[in-house]
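1. With the input below, show me the fold.
(one chain, ligands or ions: 1)
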Amino acid sequence: MLNIVLFGPPGSGKGTQSERLTGKYNLVHLSTGDIFRSNIKEETELGKLAQSYMSKGQLVPDSLTIDLLRSEVLKYENPKGFIFDGFPRTNAQAKALDDFLSSQNTSITLMLALEVGEDELKMRLLKRSEVSGRVDDADPAIIENRIRVYNNETAPVKDYYSQQGKFIPIDGIGAIDDITSRLFSAIDAKN
Ligand code: AMP
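-> Reported below is the predicted structural model:
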């Protein structure tokens, strides 16, 4: 299996690039953010709980997120692999993902980390709010908080995969097609 963690701060292009990677490599795209948002839309209990964190730009608690991710993975029979988009966001999630994948006789192949500076991220998120309708994209204070949470809690996950020799930084600035080509090259070199 080809299991990719597509990593990066909010607004770094994970969702856009995930779609391109799933198309080329025939992978399942799992975005915990998308799953939470669809639960919010359907007004499930999980959605209500998740919204109380997401609306402030905080992380949804690990236990809830890990359980959700595991049950999503198990929905697919004989997948070619997964793109994990927006997961793991903490070292505890990364460890839980490793343990879970190993119980399924597979593992993470590599982590591709999109690198984009903070000013560019803030600009992209505000622009995205015009079409996404996401409240967490529209409010500069929430954006600041998401970036702070990323720097404090999520960025250390890079070290986790670096220690396993799986971390590959990718320049996330430039034309979308160029960034896609960089991702393809990194995957093809490893695959
Ligand atoms: P995203 O769509 O990936 O930007 O995620 C939107 C929001 O969903 C985040 O700001 C978090 O509140 C929540 N979320 C998504 N994925 C995770 C995760 N792996 N761990 C905790 N919270 C998450």
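2. what's the burial count for the residue of the chain found nearest the ligand?
-> Using CB to the nearest ligand atom, Gly33 is the residue of the chain that sits closest to the ligand, at 2.0 Å. From N, CA and C alone the C-beta is placed, and that goes for glycine too. By other CB atoms under 10 Å, 19 other residues sit near Gly33.
3. May I ask which helix or strand encompasses it?
-> Following DSSP states H and E, one finds Gly33 within helix 32-41.
4. Identify each buried residue in the lowest-mean-pLDDT helix or strand in the chain, please.
-> Least confident element among the helices and strands of the chain, by mean pLDDT, DSSP states H and E: helix 135-138 (a mean of 90). Neighbour-count burial for helix 135-138 flags 136-137 (criterion: 16 or more other CB atoms under 10 Å).
5. Output the contacting helices and strands for that helix.
-> Packing partners of helix 135-138 (3 or more CB pairs under 8 Å, 6 or more residues apart in numbering; DSSP states H and E): helix 118-132, helix 140-149.
6. Export only the CA atoms of stretch 142-149, formatted as PDB.
-> C-alpha atoms of stretch 142-149 as PDB (Å, rounded to 0.1, in the frame of the first residue of the first chain):
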ATOM      1  CA  ILE A 142      -9.300  32.300  14.600                       C
ATOM      2  CA  ILE A 143      -6.800  32.100  11.800                       C
ATOM      3  CA  GLU A 144      -4.000  33.300  14.200                       C
ATOM      4  CA  ASN A 145      -5.100  30.700  16.700                       C
ATOM      5  CA  ARG A 146      -5.000  27.900  14.100                       C
ATOM      6  CA  ILE A 147      -1.500  28.900  13.100                       C
ATOM      7  CA  ARG A 148      -0.400  29.100  16.700                       C
ATOM      8  CA  VAL A 149      -1.900  25.600  17.400                       C
END
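7. For that stretch, which outside residues touch it?
-> Contacting residues not belonging to stretch 142-149 are listed as 9-10, 55-59, 118, 121-122, 125-126, 135-137 [CB atoms under 8 Å, 6 or more residues apart in numbering].
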